[in-house]
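> Predicted structure and sequence below. I'll ask about it afterward.
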Amino acid sequence: MNHDDNEEETTMTDTSTLTRSLRACGSATVLAAALAAGPALAANNNDSGDSAQSPHLAVTESDFDKTPQGKQIERYHLTNRNGMSVDIITFGARVQAIHMPDKNGKVADIALGFNNVKDYIDHKSTYFGATIGRYGNRIANGKFKLDGKTYHLPKNNGPNTLHGGTEGFDQKVWAASPIDTGNTVGVELTHFSPDGTMGFPGNLAVTVRYTLDNDNDLRIHYSAVSDKDTVINLTNHTYFNLAGAGSGTVLDQVAMINADQFTPINDTLIPTGKLESVSGTPLDFTTPKPIGQDIHADNQQLKYAEPKQGGYDFNWVLNSDGDLHKLAVRVTDPKSGRTVEMYTSEPGVQFYTSNFLDGSFKGTNGKTLGHWGGFTLEAQHYPDSPNQPNFPSTELKAGQKYTQTTVYKFLPE
Ligand code: BGC
């Protein structure tokens, strides 16, 4: 994996500009202005689109679709010299497609998605490929306390708030500009979330940078600044099916999760607050095993996640412990040879086996997306951390910088 930190340095510069602006005056107007300057800041990244030095590494922009309100949605198409490509759209700052050759060079789209905005809106609860915010996963009973004040959030998942509330970052149109650093291509997306959005405190300026290189590393770097103390937990919600989206279940694909513990849940999928060992449970993926091997096991946790047929939908406590150099997850499709590895700065991962997909709709390529038709690897802080004093904190202090980096590495190269 390429651990070149140049991208982070560039982003830090961008964010420190935002931070300085915030410190200078702390006003939403300045924050918005700093965000509006986003494309200018991104221009420092040599966004000429000129990939002459390495002909296969390129980023191109095209029209994707319009929102029902008539807003144009753009698509950024990133390619590398290995025949891999990633499509990012500005609706929800989301991964719309990932085309990957198999061991024989046969290319398939391995990310579940749609080819139009209407489907992304009609099936918004899938969160296909989306940037999730302000808070990935659940906050119990739609409330939390910060600095002595209780904040109320809209409940969109039984009694709880899921993925930032009824209208999260996945439903927003993000501003975007291309990145071409010479050895990476990508797109930088920015969004301004006003104080009180979905009940969360603070004007929040958010940047998400996707970059692809010739080592097949898709790197996602998030940064954010708020003008009030707040909570934040950003992640990406791509569903992978390494055999190709719509080609059946992922039950034969082999997963390794580098985690000795997980955060057990109650019947509304809220963590109990304990960390428990995976040893002797169906959640033990420390040794690689097919995703389907234990999915039908008679286990209360699996039943909470998917009451009818079982399924995974848990937060694993990663042994990699925020170290981007340590492997967190690897999933391989033995038939195609395609593999995805995840490296992350985050302490946890939500491994979710698309338990709610029921085959009632079709994805990008017109193929039906059925039960267990994909898996997500959502790098994250633990669910409900704002209400769980023993979990690593998700608090972001006013004027300080939030960052998150996750790398999905695809094989064969
Ligand atoms: C959650 C699932 C939820 C899904 C929504 C996942 O991140 O853990 O419980 O159903 O997102 O698409």
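Alright, I've got the coordinates. Numbers count the residues shown, from 1 in each chain.

> Now do the same contact list for the closest residue to Lys124 other than its chain neighbours.
In this structure, Lys124 finds its nearest non-sequential neighbour in Gln171, 6.4 Å apart by CB to CB, 6 or more residues apart in numbering. Any C-beta I mention is one placed from the backbone N, CA and C, and that applies to glycine too. Neighbouring residues of Gln171 by CB atoms under 8 Å, 6 or more residues apart in numbering: Phe91, Gly92, Ile121, Lys124.

> Which of those sits closest to the ligand?
Lys124 (9.1 Å; CB to the nearest ligand atom).

> separation between the closest one and Tyr408?
Distance, Lys124 to Tyr408, by CB to CB, to the nearest Å: 23 Å.

> Those two: which is more packed in?
Taking other CB atoms under 10 Å, Lys124 and Tyr408 do not tie; Tyr408 has more neighbours (24 against 18).

> Give the bridge partners for that one, please.
Note on Tyr408: beta-bridge partners by DSSP bridges are Leu218, Met342.

> my read: it touches Asp213, true?
No. Tyr408 is beyond contact range of Asp213, at 11.9 Å (criterion: CB atoms under 8 Å).

> Are we agreed that Gln301 is in a helix?
Yes. Gln301: assigned to a helix according to DSSP: H, G, I helix; E, B strand; the rest coil.

> Go ahead and confirm it touches Asn266.
No. Counting by CB under 8 Å, Gln301 does not reach Asn266; the two are 10.0 Å apart.

> of these two, who's got more company?
Taking neighbours as other CB under 10 Å, Gln301 and Asn266 compare with Gln301 leading, 19 against 12.

> what's the distance between the more buried one and the ligand?
13 Å (CB to the nearest ligand atom, to the nearest Å).

> Apart from its chain neighbours, what residue comes closest to that residue?
Using CB to CB, 6+ apart, the nearest residue to Gln301 is Pro264, at 6.0 Å.

> Next: Ser354.
Gly374 (4.7 Å).

> What distance do you get for the one you found to Ala93?
19 Å.

> Also Asn299?
According to CB to CB, Asn299 stands 35 Å off from Ala93.

> Then Phe314?
25 Å.

> Gly374 and Ala93: who's more crowded?
Ranked by neighbour count (other CB under 10 Å), Gly374 and Ala93 place Ala93 first, with 33 against 26.

> Kindly export stretch 354-373 (C-alpha atoms) in CSV.
Extracted in CSV, the C-alpha atoms of stretch 354-373 (Å, rounded to 0.1, in the frame of the first residue of the first chain):
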residue,chain,number,x,y,z
SER,A,354,-27.0,-6.1,3.5
ASN,A,355,-29.6,-8.0,5.5
PHE,A,356,-32.5,-5.9,4.4
LEU,A,357,-32.1,-6.3,0.6
ASP,A,358,-35.0,-8.4,-0.6
GLY,A,359,-34.6,-8.5,-4.4
SER,A,360,-37.4,-5.9,-4.9
PHE,A,361,-35.3,-3.5,-7.0
LYS,A,362,-32.5,-3.5,-9.5
GLY,A,363,-29.1,-1.7,-9.5
THR,A,364,-26.9,0.1,-12.0
ASN,A,365,-26.5,-2.8,-14.4
GLY,A,366,-30.2,-3.8,-14.3
LYS,A,367,-29.5,-6.8,-12.1
THR,A,368,-31.6,-7.6,-9.0
LEU,A,369,-29.9,-6.8,-5.7
GLY,A,370,-30.9,-9.6,-3.4
HIS,A,371,-30.6,-10.6,0.2
TRP,A,372,-26.9,-10.8,1.4
GLY,A,373,-26.0,-9.4,-2.1
